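Visitor: Model the following, please.
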Amino acid sequence: ANIALLINLFFLMGVLASLGAVLTLPGIAGIVLSLGMSVDANVLIYERIREEITAGKSIRLAITEGFQKAMPSILDSNITTFLTGVILYIFGQGPIVGFATTLMIGIITSLFAAIFISRLVFEWLLNKKKPISFSIKATENLFKDSKFDFITGRKRFYFLSAAIIVAGIISAFTQGFSLGVDFQGGRAYFVAFDKPVEVEAVRSILIDEFGTAVEVKTFGTSNQVKITTAYLINDNTDQANALVSEKLAAGLKKINPVYEIKDSQKVTPTIADDIKKSAIWAVIFSILVIFLYILIRFKRMAFGFAAILALVHDVLVLLAIFTIFNGWLPFSLDIDQAFVAAILTVMGYSINDTVVVFDRVREYIGQHHSKNEDLPSVINNALNSTLSRTVVTGICTIAVLLIIFIFGGEILRGFSFAMLIGVIFGTYSSLFVATPFIVEFIKEKVKA
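Guide: Numbers count the residues shown, from 1 in each chain. The predicted structure follows:
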């Protein structure tokens with residue numbers, strides 16, 4: 001898997017270099033995330049191989065059949081994520097396009113690496129008669145013959161999700177969202193001082209300088225702040241830019257003469273409206289395309305409705321957390337272009353996870369339809385059979401996102417936090433929301 005990931009990264013960087021792509025911060029995060037998600041294909045293959053070994057097949061035959069049986073799930077999950085990237089590329093703007101580009105290229109290269117490079121490594125090991133193992137003593141029986149009941153208590157999970165979403169709606173109407181410069185228009189400056197500063201003191205001094213409302217937030221450590229102002233935002237002349245810079249410098253010197261402006265950005269209200277519309281259309285079309293693909297592949301409306309319900313659930317939960325905890329966490333929870341990229345990535349991950357589970361449910365329905373088993377039992381068995389893969393993939397992806405969150409810098413912190421929460425709830429919704437909802441949509445027993 002590590003060899004496949006390294007070659008995947010090599011291919012990905014080569015394609016981006018040949019395209020002359022400009023790497024933005026969300027673009028770099030897209031590369032790291034695609035590496036984190038690409039391990040899912042390897043995990044699916046290895047889990048299938050373990051099942052074949054457990055069934056008593058030789059290691060060579062188990063590897064061959066493991067690759068074959070994992071292929072439908074790998075293709076379905078990657079195609080749905082790729083389609084999200086296409087919609088993001090078509091309807092997104094600015095950094096979102098860069099993120100979509102790296103995501104789509106990353107999916108293609110990771111598929112190639114996971115399917116072909118991994119197989120070559122195994123063939124080499126087999127030809128050299130090297131020992132091959134797919135478990136260690138500690139994990140050999142992990143989740144083996146697990147009997148978790150995901151269906152009976154499903155309404156408790158519906159209630160938990162509903163409670164978070166309702167709390168988010170209440171918070172949205174009472175305190176609202178913190179809109180980034182991308183959506184509200186204005187100039188934003190990221191300033192670092194040589195010693196800690198008081199946010200209220202900075203705000204008070206800058207309001208006196210600009211004569212209008214100024215938003216000031218701690219950005220990471222207590223000596224860094226993000227300053228946003230709409231002062232002269234509709235005036236694009238050089239004189240206006242110079243005047244804003246002059247007033248900002250005058251205010252900052254009163255706070256602390258030792259400072260550094262690390263980054264700045266300017267967005268006009270017109271551009272903000274365009275970005276907002278493109279983001280809304282991107283989400284709508286992504287949901288529509290994913291629904292149609294699942295309907296075609298699974299041939300049951302229930303799977304399509306359940307998948308879309310899980311997507312809407314994940315987006316609403318993420319929005320709820322961003323409005324509820326806005327101002328409480330020591331980093332920015334702005335709704336901006338990076339957040340939109342994160343939401344669509346979460347949608348991609350969620351649908352990837354959901355489709356893998358759905359594939360196993362469809363397989364179990366096909367295998368057990370003649371036994372007159374009721375649907376809840378069939379779905380429970382399917383969820384338990386794929387539980388090991390769900391947990392391993394979730395842990396791998398969360399580990400990658402934690403690294404981005406901790407080491408990715410302050411500008412990426414809100415972005416990586418959104419994806420981290422999204423992946424956690426995306427995994428949760430696949431097991432406790434999307435798949436159980438199939439029971440609500442299909443009431444009959446599974447019969448011949």
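Visitor: all strands of this protein, in order?
Guide: For the chain, strands defined by DSSP state E occupy the ranges 178-179, 186-193, 214-219, 221-229, 259-267, 334-335.
Visitor: Return the distance of the spatially most central residue of the chain relative to residue 106.
Guide: Residue closest to the average C-alpha location in the chain (C-alpha atoms, centre = their mean): residue 346, at 2.9 Å. Distance, residue 346 to residue 106, by C-beta to C-beta, to the nearest Å: 16 Å. Bear in mind the C-beta positions are built from the backbone N, C-alpha and C, glycine included.
Visitor: do residue 280 as well
Guide: 25 Å.
Visitor: One more: residue 1?
Guide: From residue 1 to residue 106 the distance is 16 Å (C-beta to C-beta).
Visitor: who has more neighbours, the two?
Guide: residue 106 (28 against 18; other C-beta atoms under 10 Å).
Visitor: What sits closest to that one if chain neighbours are left out?
Guide: Spatially, and ignoring its direct neighbours in sequence, residue 106 is nearest to residue 34 (2.7 Å; C-beta to C-beta, 6 or more residues apart in numbering).
Visitor: what is the rounded mean pLDDT of stretch 350-362?
Guide: Summarised as a single mean, pLDDT over stretch 350-362 is 84.
Visitor: what's the spacing between it and its chain's center?
Guide: 16 Å (C-alpha atoms, centre = their mean, to the nearest Å).
Visitor: tell me the most buried of the strands of the chain?
Guide: The highest mean neighbour count among the strands of the chain, using mean count of other C-beta atoms under 10 Å, belongs to strand 334-335: a mean of 24.
Visitor: So in that sheet, which strands flank it, and in what orientation?
Guide: Neighbouring strands of strand 334-335 in its sheet, by DSSP bridges, are strand 178-179 (parallel).
Visitor: and for the partner strand, what are the contacting residues?
Guide: Contact with strand 178-179 is made by 322, 326-327, 332-336, as judged by C-beta atoms under 8 Å, 6 or more residues apart in numbering.
Visitor: dump the residue contacts of the residue nearest to residue 106.
Guide: Contacts for residue 34 (C-beta under 8 Å, 6+ apart) come out as 12, 102-103, 106-107, 110.
Visitor: how much space between it and residue 2?
Guide: Residue 34 sits 16 Å away from residue 2, going by C-beta to C-beta.
Visitor: what do you get for residue 340?
Guide: From residue 340 across to residue 2, the span is 32 Å (C-beta to C-beta).
Visitor: do the same with residue 111
Guide: Separation of residue 111 from residue 2 (C-beta to C-beta): 17 Å.
Visitor: With residue 407 instead?
Guide: 20 Å.
Visitor: how close does residue 232 get to residue 301?
Guide: Going from residue 232 to residue 301 by C-beta to C-beta gives 54 Å.
Visitor: Kindly report the same for residue 18.
Guide: Residue 18 is 43 Å from residue 301, by C-beta to C-beta.
Visitor: okay, the two: which has more neighbours?
Guide: residue 301 (13 against 8).
Visitor: that older thread, how about the nearest residue to the residue nearest to the centre of the chain, chain neighbours excluded?
Guide: Of all residues beyond its chain neighbours, the one nearest residue 346 is residue 422 (2.9 Å), with distances taken as C-beta to C-beta, 6+ apart.
Visitor: Now do the contacts for the one you found.
Guide: 314, 318, 342-343, 345-346, 349-350.
Visitor: Turn these into JSON lines, including distance to residue 30.
Guide: Listed next are the contacts of residue 422 as JSON lines, based on distance: C-beta to C-beta, whole Å:
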{"residue": "314", "distance to residue 30": "18"}
{"residue": "318", "distance to residue 30": "18"}
{"residue": "342", "distance to residue 30": "10"}
{"residue": "343", "distance to residue 30": "14"}
{"residue": "345", "distance to residue 30": "8"}
{"residue": "346", "distance to residue 30": "13"}
{"residue": "349", "distance to residue 30": "12"}
{"residue": "350", "distance to residue 30": "16"}
